[in-house]
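[1] Here's a sequence, model it:
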Amino acid sequence: MKKVIIIAFSLMMILNAEETQDITLQKIEASAQKNEDISWRSESIKNFTGSQTIISNKQLKQTANQSIDEALQNIPGVQVRDYTGTGILPKISFRGFGGAGNGHSNTGLILLDSIPIYGGPYSNLELAIFPVTFQAVDRIDVIKGGASVQYGPNTFGGVINIITKEIPQEWENQVSERITFWGKDTGGFFRKTTEPVANNMLFDTYLKTGGMINKHFGVQAEANYVAGQSFRENSNTGIQNYMLKGIYKINDQNNVKMYYQYYSYYSKDPGSLSAADYAQDRFQNKRPLNGQDGVAKRFGVVYNNEFGDTDKIGGNFSLTYFTHDMTRNFTIDSNYNKISEKYDKSPTEVIDNIRRFVVNSIEPKLDLTINSGSVKQNIILGGRFLTEDVYGHGYHTKLLTEAMSYLSHPYGSSTDSNPYVLHNNYTALFLSDSVSLLDGMLTIAPGLRYEFLNYTKIGQYTTGKGAGTHHRLDNQFNPAINIGFKPIKDILLYANYQRSFLPPQTGDIDGTQTNYVTTFQTLEGGGRYFFNDVFSLNANYFAIFADNYRIGKFATEPISAISQGVELEAYYSPIENLTLHAAYTYVNAKAANNKTTKIGVDIKGKRLPYVSPHQFVFDALYTLGKNNFGVSSYYYSPAYSDILNTKEENTTEDAGQLPWYWIWNAQASRTFWKSGRESIEGSLAMNNIFNMKYYFRGIGTSPKGRQPAPGRSVTVYVSYKF
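    A predicted model of the protein is given here:
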């Protein structure tokens, strides 16, 4: 398949012949806008009855964003624990939830061009494979609050829509290269080690060709290769991302869009260090056998029909089909759970944990506007039928003999173990009606979503509690309401409520234990002030009430929890060529009942792990002629790494407060040459300018010790468009 895509890419380069995908979280009216114009000034942002942030194309390219992880740090209420530096497996939490457990970003809906990106959109909500590369992204749209009706489960904290580059009207080619040089722990800028390569370097090559062939047909092919080292020793990384897009404009009212993507990755996972090794050299790798890899094959087609007159009665009907086949594997050695003087010595075996996800989904949607003059309605009616086939198993490989065996039976009645299989399907129906009254001064938008969940698991074991085939049925009703009030043109006040849920996950759906559904009630209220395209201020209060919330290793059973806080975000453009952006978030996320931990201690009132109560964001863009200057920074206050809120690091190094950190990045970019449609652009960026030293704990496959964060780096970029 990769050869076919490469051949197609070459043919289109030879063609060099001479749409705007309207894919966003709501109806952003982008058809008359260029991509670089979709930003905080867009009308959809001004009128959205909730909190929303756009990371625009310009902001993404010019404020020293080294990866998608780095870009997401600009979102108030979204916290990212970047421990790879490459954005290969983001660890994202929303408004106080999602940092605990394995840290696999399981408490916010993440979309790629409006399509769910999780391997199992219902049963396996984690980013164990993340089929996105930074250079393929055009912009990122984030909303928080009030999104459960249209988008399904896992929306209580927010929805991130990563939007890739669109097919341009005129044929366009691009070749670009990014090279990142990683700094050392102490001393001079470049690091010297005993490894054959003295300086860790990461190469990011991007190729694109595409455009409209005629007024009806358009096509675009992209290839992105990332290879080299991250900031840790022996941190080999390799990514291949191929994307093929097409559009058929049948007429002015009808079109069909499609995409195909092949993505593969591998990455060493140096994991955590003991406190002593961290102090000696925080970038060393004491776990050279650990790593992860995966493959994603994704395909989708969307039919769109525009009908009627939206000034009277009209709208859009769409029918979406998407499918993906994703496989991922985590490889860890037998010492992964150890922190001691000998934790890196002589592991006896490696353990592979393999999962495969095959998903198919059909989603019809009707977006109807009825305008009777004094009252305007926007009715959205839709549905989803989605199937998940999940296959998984784990096995041991003895390092001495290379003998292989499946993981042992967990209940002790047998030692046999087979790959487990899930055949799940989900049916959803949703309806919302946004009613605009008093010439748009008041908007009320109630909605309801119904989800029917049907699980089937084929027994993994031939004897014991895990044997046999198990079925489970469930249904969820998710009501929501958004209210907006505009007392004057420049001010919008809003309030919203939604109910959302997390379905039982892969590890729970076996008929042998309580299959908890986590439910969330989300409240949000605030306002937005927008003045003359010069100044914008959004302020809101949120509260999220969770029941049956799973916090992994920290408690014997799910708990009730509450997270509440305040978000402030402002944009200011005092002159045409200068834009300032700042945001502050306060989050107070705590356990709300007296469930006990595994050591028998009550946890009511304890802060949830991996949540920094205070978060500050600042970035700025300044243009002078052909030169662009950008700066960005983010601050995180200290966070706890266990539910008991232990401050001092303990002797087993599985608890202790995580340090605060404040990261500063800067970038200078310039258009070196431009003639007609041809141009050469370049940039020089430095991330973590002051080489801030900080770490995480307990994320992914490293439950103990310190997981270092990236140090200082320099990135050089050059791009040729023709």
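
[2] can you give me the helices in the chain?
    Applying DSSP state H to the chain gives helices spanning 2-15, 43-46, 57-62, 68-72, 148-151, 275-280.

[3] which stretch in these has the least confidence?
    Mean pLDDT is lowest for helix 2-15 among these, at a mean of 40.

[4] neighbours of the closest residue to G605 other than its chain neighbours, just the number please.
    Distance criterion C-beta to C-beta, 6 or more residues apart in numbering; nearest residue to G605, sequence neighbours excluded, is K590 at 5.8 Å. Using the backbone N, CA and C atoms, a C-beta is placed for each residue, glycine as well. Using other C-beta atoms under 10 Å, the number of residues around K590 comes to 17.

[5] burial of K312, as a residue count?
    11.

[6] Ramachandran angles for it?
    Taking degrees, to the nearest 10, you get phi -130, psi -90 for the backbone angles of K312.

[7] That one contacts N371, doesn't it?
    Yes - using C-beta atoms under 8 Å, K312 is in contact with N371, at 5.7 Å.

[8] ok, the residue most central in space within the chain - contacts?
    Nearest to the geometric centre of the chain sits I110, at 4.9 Å (C-alpha atoms, centre = their mean). I110 sits next to I92, P116, I117, Y118, L127, V159, I160, I162 when contact means C-beta atoms under 8 Å, 6 or more residues apart in numbering.

[9] Per-residue pLDDT of the fourth one, please?
    Read that as Y118. On pLDDT, Y118 comes in at 92.

[10] what's around S436, how many residues?
    19.

[11] ok, it - contacts?
    V375, K376, Q377, N378, L442, T443 are the contacts of S436 under C-beta under 8 Å, 6+ apart.

[12] Okay, and which of the residues you listed map to strands?
    Judged by DSSP state E, the subset of the contacts of S436 located in strands is K376, Q377, N378, L442, T443.

[13] Show me the beta-bridge partners of the residue nearest to G605.
    Beta-bridge partners for K590, by DSSP bridges, are I562, R607.

[14] Now do it, the pLDDT please.
    K590 is given a pLDDT of 94.

[15] pLDDT at the closest residue to K457 other than its chain neighbours, what is it?
    Excluding the flanking residues, the one nearest K457 by C-beta to C-beta, 6+ apart is H470, at 4.8 Å. Predicted confidence (pLDDT) for H470: 77.

[16] H470 - how many residues pack around it?
    Neighbours around H470, by other C-beta under 10 Å: 17.

[17] For P121, see how far away it is.
    As judged by C-beta to C-beta, to the nearest Å, H470 and P121 stand 21 Å apart.

[18] swap in G77?
    22 Å.

[19] Which one of these two is surrounded by more residues?
    G77 (27 against 24).

[20] For the more buried one, give me its contacts.
    S51, F94, R95, K144, G157, G158, F542, G565, E567, T585, V587, Q615 are the contacts of G77 under C-beta under 8 Å, 6+ apart.

[21] Using pLDDT, spot the least trustworthy of these.
    Least confident by pLDDT among the contacts of G77: that is K144, with 84.

[22] Is it correct that that residue is in contact with S51?
    Yes - contact criterion C-beta under 8 Å: K144 and S51 qualify, at 4.8 Å.

[23] overlap in contacts of these two?
    Counting by C-beta under 8 Å, 6+ apart, the common neighbours of K144 and S51 are G77, E524, F542, E567.

[24] So which of these are in strands?
    E524, F542, E567.

[25] what about the second one, how many neighbours?
    Pointing back at F542 there. When neighbours are counted by other C-beta under 10 Å, F542 comes out with 26.

[26] Let me know whether it touches I562 as I believe.
    No - using C-beta under 8 Å, F542 makes no contact with I562, being 10.9 Å away.

[27] Point to the helix or strand of the chain where mean pLDDT is at its lowest.
    Least confident helix or strand, the chain: helix 2-15 with a mean of 40, by mean pLDDT, DSSP states H and E.

[28] Apart from its neighbours in sequence, what residue is nearest A589?
    G96 (3.0 Å).

[29] try N337
    N337's closest residue in space is P703 (C-beta to C-beta, 6+ apart), at 5.8 Å.

[30] Which parts of the stretch 401-550 of the chain are strands?
    404-406, 420-437, 442-458, 469-488, 491-502, 518-531, 535-549 (DSSP state E, counting those that start in this stretch).

[31] ok, R178 - how many residues close by?
    A count of nearby residues for R178, using other C-beta under 10 Å, gives 20.

[32] For it, list the residues it contacts.
    Q135, F203, D204, Y206, T715, V716, Y717.

[33] Report the beta-bridge partners for it.
    Beta-bridge partners, per DSSP bridges, of R178: D204, Y717.

[34] Roughly how far does it sit from N628?
    When R178 is compared with N628 (using C-beta to C-beta), they lie 16 Å apart.

[35] Show the pLDDT at G507.
    Here the pLDDT value assigned to G507 is 60.

[36] How many neighbouring residues does the closest residue to T469 other than its chain neighbours have?
    Computed as C-beta to C-beta, 6+ apart, the closest residue to T469 that is not its neighbour in sequence is I458, at 5.3 Å. If you count neighbours by other C-beta under 10 Å, I458 ends up with 14.

[37] Pull the number of nearby residues for Q521.
    15.

[38] Report the contact partners of it.
    Q521 makes contacts with Y497, Q498, R499, I544, F545, as judged by C-beta under 8 Å, 6+ apart.

[39] hmm, 6 Å instead?
    Contact analysis of Q521 by C-beta atoms under 6 Å, 6 or more residues apart in numbering lists R499, F545.

[40] Leaving out sequence neighbours, find the closest residue to N305.
    F317 is the one closest to N305 (C-beta to C-beta, 6+ apart), at 4.6 Å.
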